[in-house]
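Visitor: Pasting a predicted model and its sequence here:
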Amino acid sequence: MTDTALPSRKSILGDFLRQKREGLNPQQLGFAVGRRRTPGLRREEVAVRAGVSVTWYTWLEQGRSEGVSAEVLNSLADALCLSADERAYVLNLAQIVGQNGSVTGDGVSSSARQILDHISAPAYVMDPYWTVICWNQQAVEIFGDFGMLQQDDRNMLWTMFTNERSKQLTVDWTAQAEQMVARFRADYAHYVDDPVFNAWVERLSNTSPAFAELWNTHLIQARKDVVKGFNHPQLGRLTFMQSTMQIIEDLRSRLVIFTPISS
């Protein structure tokens with residue numbers, strides 16, 4: 001096994017800023033198009049819009065800048081026309097987040113277990129890497145028996161991108177896959193230094209070209225309630241509101257509940 005260095009927060013932040021800069025339309029932002037060697041805005045144009053020096057912004061893209069402030073990052077977010085989710089992602093990357101320890105995936109709080117036991121909707125608890133660690137019978141009826149899978153194969157992204165049944169079950173698989181990767185990428189800002197998270201990204205990227213392509217686009221979406229549809233082989237078309245909640249006893253684990261929506 002090769003010993004590859006993990007990407008740093010600064011390098012990931014720089015890569016993200018570069019991609020967003022290259023995706024902007026100069027003409028729409030009031031700049032002359034002219035002859036440009038690269039797509040998007042020039043670095044000096046971003047610097048002007050953000051009110052920072054070109055040299056400093058170049059260092060930031062190159063992962064070399066130290067001590068960047070929230071005020072400056074917010075100015076850059078405005079200059080690069082970032083969404084609210086992307087702005088939060090940038091701020092998370094630039095901060096020291098004290099949640100880098102690996103999680104074993106064995107512990108589930110008693111309150112989460114009680115909810116799973118008493119709720120009538122499909123629900124499960126997943127760890128920071130999106131691996132399901134506890135579930136109810138209703139979830140089994142929709143997604144299959146997690147207990148029959150090896151722990152690594154219970155990962156929701158792994159299932160989404162490598163399991164043919166999951167692809168057939170999911171309505172509009174392409175859109176749902178893009179949304180999941182965007183939310184996983186937003187989570188990544190908290191776990192850049194976590195070797196387990198990085199190992200999952202590497203495993204998924206090496207196994208699924210579709211995941212690798214989406215991961216490298218740097219799409220970002222914060223957690224929020226979303227509508228999901230499924231084509232169940234026995235139950236037919238099902239529509240749920242998926243809600244994801246933080247668990248107080250373990251802030252790194254999440255309770256995911258699928259509330260049925262009447263058609």
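Guide: It's in. Numbers count the residues shown, from 1 in each chain.
Visitor: How confident was the prediction at the nearest residue to Gly144 once chain neighbours are set aside?
Guide: Once flanking residues are discounted, Gly144 sits nearest to Arg165: 7.0 Å by Cβ to Cβ, 6 or more residues apart in numbering. Any C-beta I mention is one placed from the backbone N, CA and C, and that applies to glycine too. Arg165 is assigned a predicted lDDT (pLDDT) of 90.
Visitor: in what helix or strand does Arg165 lie?
Guide: For Arg165, the host element (DSSP states H and E) is helix 164-169.
Visitor: got it, and Leu73?
Guide: Per DSSP H and E: helix 70-79 holds Leu73.
Visitor: name the helices or strands packed onto that helix?
Guide: Using 3 or more Cβ pairs under 8 Å, 6 or more residues apart in numbering; DSSP states H and E, the elements in contact with helix 70-79 are helix 43-50, helix 84-94.
Visitor: To Phe143, which of these lies closest?
Guide: Of all the helices and strands packed on helix 70-79, helix 84-94 sits nearest to Phe143, with 26.2 Å by Cβ to Cβ.
Visitor: Give the buried residues for the helix or strand containing Tyr57.
Guide: Here Tyr57, judged by DSSP H and E, is contained in helix 54-61. Residues of helix 54-61 classed as buried: Tyr57, Thr58, Trp59, Leu60, Glu61 (neighbour count, 16 or more other Cβ atoms under 10 Å).
Visitor: Those into JSON lines, with extra columns for pLDDT and distance to Phe258?
Guide: As requested, these are exported to JSON lines (pLDDT from 0 to 100; distance: Cβ to Cβ, whole Å):
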{"residue": "Tyr57", "pLDDT": "93", "distance to Phe258": "44"}
{"residue": "Thr58", "pLDDT": "93", "distance to Phe258": "46"}
{"residue": "Trp59", "pLDDT": "90", "distance to Phe258": "45"}
{"residue": "Leu60", "pLDDT": "92", "distance to Phe258": "41"}
{"residue": "Glu61", "pLDDT": "92", "distance to Phe258": "41"}
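Visitor: Do a quick rundown of the strands in the stretch 101-250 of the chain.
Guide: Taking DSSP state E, counting those that start in this stretch to define them, one finds strands in the stretch 101-250 of the chain at 123-126, 132-135, 226-232, 236-247, 250-260.
Visitor: which residues are in contact with the second one?
Guide: For strand 132-135, the surrounding residues in contact (Cβ atoms under 8 Å, 6 or more residues apart in numbering) are 105-106, 108, 112-113, 116, 123-127, 146, 154-156, 253.
Visitor: Quick check: chain neighbours aside, which residue is closest to Leu255?
Guide: Nearest non-adjacent residue to Leu255, counting by Cβ to Cβ, 6+ apart: Met245, 4.7 Å away.
Visitor: count of residues packed around the one you found?
Guide: A count of neighbours around Met245, defined by other Cβ atoms under 10 Å, yields 15.
Visitor: check contacts around it.
Guide: Met245 makes contact with Arg254, Leu255, Val256, Ile257, according to Cβ under 8 Å, 6+ apart.
Visitor: Where is the longest helix in the protein?
Guide: Across the chain, the helix with the greatest residue count (assigned by DSSP state H) is helix 173-188.
Visitor: Just want the most central residue of this protein.
Guide: What sits nearest the mean C-alpha location of the chain, by Cα atoms, centre = their mean, is Phe184, with 1.9 Å.
Visitor: ok so, going back, most widely separated two among the contacts of strand 132-135?
Guide: Spatial extent of these (Cβ to Cβ) is set by the pair Arg113 and Asn155 at 20.5 Å.
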